[in-house]
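Asks: Here is a sequence together with a model predicted from it:
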Amino acid sequence: MISETQNAPLIGLVELPQLKLSDAEGNDFYSLRKWEPIVSKQVLLSNLQAGGFQTKFINLRDGDYEENYGRITWRGIELTKNYVGVDIKTVDPESCEAWCITVNFTLYREIAILLLKHLSSKGKPVVLGGSDPVADPQVYLRNGAAVVVKDKSGAANWPLFNYLLGKGPKEALTGVVLADGTEYRKRKPPFYPEEWPLPSVEVARECLGTQYWMDPFPEHLKPIGSIFPDMGCDRHCDFCQTPTYGTGYRRMTPQRVLQWLDIQRQAGAKSVVSVSDQFLGRVIFPDGREEVLEIMKGMRELDLAVLWPNGLELRKMTKGRGHSGKREDLTPDEELINALYHWDGRIGTLAAYIPAERPIFGREAYAKLVPWQQHKRIIHTIVRAGIPMISYGVIIGLPDDDDYSLCQLEEALWEVYHEVKAINPDIIFQTTPFVISPILGTPQGEAIRKSGLLRFDDPAIFAGFWTASIDTKHLTYEQVSDWQFRLAQVGDSKNLQSPQRFRKLPTEAKNTEKLAVAV
């Protein structure tokens, strides 16, 4: 789609093709997400159009072309790295005056560099943004980027493109690094999501999806819209890159959230994915709890279902609101939880990721976590609210992990699973075990690299989901990988996204049938 801004130079915004990481038998080690809603481009397209820039959106996911760009051996298995979608070479590098690429996952770095080299080959400036370029600007600048944007809030965009298109001074630049290494530090306060221009219905429609998490996704809840109602976080977990963005915690008002959601509805969405950094961060502010209740009530009135793929902090669902202290009240806030997780079969919360992280041993590393018995009490309250599907996320591969601690974690997972099923036998409960990753710019990432425990420095491996890459003090990365696949078997759906060669339990067809009944 090309926006209609008269006599304005054209800026191309390109969505990366999908990564396909597979073995010789065709087993996929990364689930293709071709048809997910596209939230980042929705925000950026709206921002640039509001600044008077003419935009062209190119979705390189939307195709069946496949091209190999590398191979790597992991656990003695040769894995092939392909990109899938539209052939990068079919994009004319001279068709726009400037280009934008967003890379939020290090996993996609190599594909992004392939695209970057192609788009920059005719001399047009290419701008890189997103979490990975923020963490390591130089890798993109070395490969042809004209600029890396380090301000994640959007405040850098208008001065930058005015400068690149010859309409504004270099002195106005803020929050960017140029190809010569000159960094223009943030001179403007970061934008609040409240300040982001609302998307047009046309932009929202172009960014809708038909796929998310569950396969098949319920037909009556397609297409799927998206929203990013807040950014930043009030926590500083050492594994997370969000605190490094320098924005602090910033949120939309309930009124703005509902305006954005109404545009999704007008565009045809029947459900929305909320990709908040920390949606419940608002409860630490006066009237923040009431904001949550107002947003959830308004969402239901718009006849929209919601999914929470990034998870909501359990500690902030308590009467203590996550304010740590000796007298913190960890009693579940039942009214708040019911508003967040109620499902009536048509609207409400369809599915959610629960960031359990390390609910037993290792909990001390995460300030947001609560003791095990209080944790289970919150989970029970969530399940009683009626949510039909939970992805229960844990993190393994910490330096002190051994067989004993992971065996105890497994026992705890089965314990919470059986308790959940006793409350609602129809719920789909899936364990999602993440292996720690050396995310650039994070304290954990730096510690891992200094420890000598990292076995792979290939982004398709260390930033992947099903490819453990780090030894612990007691286990090899292969043993950590074995534990990941073993823990993924806890629950109903047996984690259908895991590579087939590592699955040993019930079939996809049987679980898909059960999911259709549940929703």
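Replies: Nice, thanks for sending it over.

Asks: Assign Arg300 to helix, strand or coil.
Replies: helix (DSSP: H, G, I helix; E, B strand; the rest coil).

Asks: what about it, distance to Ile382?
Replies: Using Cβ to Cβ, to the nearest Å, Arg300 is found at 17 Å from Ile382. For glycine as for every other residue, the C-beta is placed from the backbone atoms N, C-alpha and C.

Asks: between those two, which one's more packed in?
Replies: Ile382 (25 against 17; other Cβ atoms under 10 Å).

Asks: Okay, now the unreliable bits of the stretch 251-400 of the chain?
Replies: The model of the stretch 251-400 of the chain has pLDDT under 70 over residues 324-326, 361-368.

Asks: same check, this time on the stretch 1-150 of the chain
Replies: 1, 3-7.

Asks: Tell me what the closest residue to Arg377 other than its chain neighbours is bridged to.
Replies: Leaving out its chain neighbours, the residue that sits closest to Arg377 by Cβ to Cβ, 6 or more residues apart in numbering is Pro332, at 5.9 Å. Beta-bridge partners of Pro332, counted by DSSP bridges, are Thr318.

Asks: And Pro332, how close does it get to Thr318?
Replies: Pro332 sits 6 Å away from Thr318, taking Cβ to Cβ as the criterion.

Asks: now Val147
Replies: Separation of Val147 from Thr318 (Cβ to Cβ): 44 Å.

Asks: same question, Arg256
Replies: The value you get for Arg256 to Thr318, if Cβ to Cβ is used, is 27 Å.

Asks: again with Glu194
Replies: From Glu194 across to Thr318, the span is 27 Å (Cβ to Cβ).

Asks: In terms of neighbours, single out the busier of these two.
Replies: Thr318 (24 against 14).

Asks: What residues are bridge-paired with the nearest residue to Ile2 once chain neighbours are set aside?
Replies: Counting by Cβ to Cβ, 6+ apart, Ile2 lies nearest to Lys56, which is 4.7 Å off, once chain neighbours are set aside. Beta-bridge pairing of Lys56 under DSSP bridges involves Ile2, Gly12.

Asks: what number of residues lie near Lys56?
Replies: By other Cβ under 10 Å, the residues close to Lys56 number 16.

Asks: Export only the CA atoms of the lengthiest helix in the chain, formatted as PDB.
Replies: Taking DSSP state H as the criterion, the chain has its longest helix at helix 403-423. Listed next in PDB are the C-alpha coordinates belonging to helix 403-423 (Å, rounded to 0.1, in the frame of the first residue of the first chain):
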ATOM      1  CA  ASP A 403      19.400 -32.400  37.000                       C
ATOM      2  CA  TYR A 404      18.100 -32.200  40.600                       C
ATOM      3  CA  SER A 405      16.800 -28.600  40.300                       C
ATOM      4  CA  LEU A 406      15.100 -29.200  36.900                       C
ATOM      5  CA  CYS A 407      13.600 -32.500  38.200                       C
ATOM      6  CA  GLN A 408      12.000 -30.500  41.000                       C
ATOM      7  CA  LEU A 409      10.800 -27.900  38.500                       C
ATOM      8  CA  GLU A 410       9.200 -30.700  36.500                       C
ATOM      9  CA  GLU A 411       7.400 -31.900  39.600                       C
ATOM     10  CA  ALA A 412       6.200 -28.400  40.300                       C
ATOM     11  CA  LEU A 413       4.900 -28.000  36.700                       C
ATOM     12  CA  TRP A 414       2.900 -31.300  37.000                       C
ATOM     13  CA  GLU A 415       1.600 -30.100  40.300                       C
ATOM     14  CA  VAL A 416       0.200 -26.800  39.000                       C
ATOM     15  CA  TYR A 417      -1.100 -28.600  35.900                       C
ATOM     16  CA  HIS A 418      -3.200 -31.100  37.900                       C
ATOM     17  CA  GLU A 419      -4.500 -28.400  40.100                       C
ATOM     18  CA  VAL A 420      -5.500 -26.200  37.100                       C
ATOM     19  CA  LYS A 421      -7.300 -29.200  35.500                       C
ATOM     20  CA  ALA A 422      -9.100 -29.900  38.700                       C
ATOM     21  CA  ILE A 423     -10.600 -26.400  38.500                       C
END
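
Asks: Other residues contacting stretch 164-180?
Replies: 9, 97-98, 125, 127, 137, 141, 145-151, 155-156, 159-160, 162-163, 183-188 (Cβ atoms under 8 Å, 6 or more residues apart in numbering).
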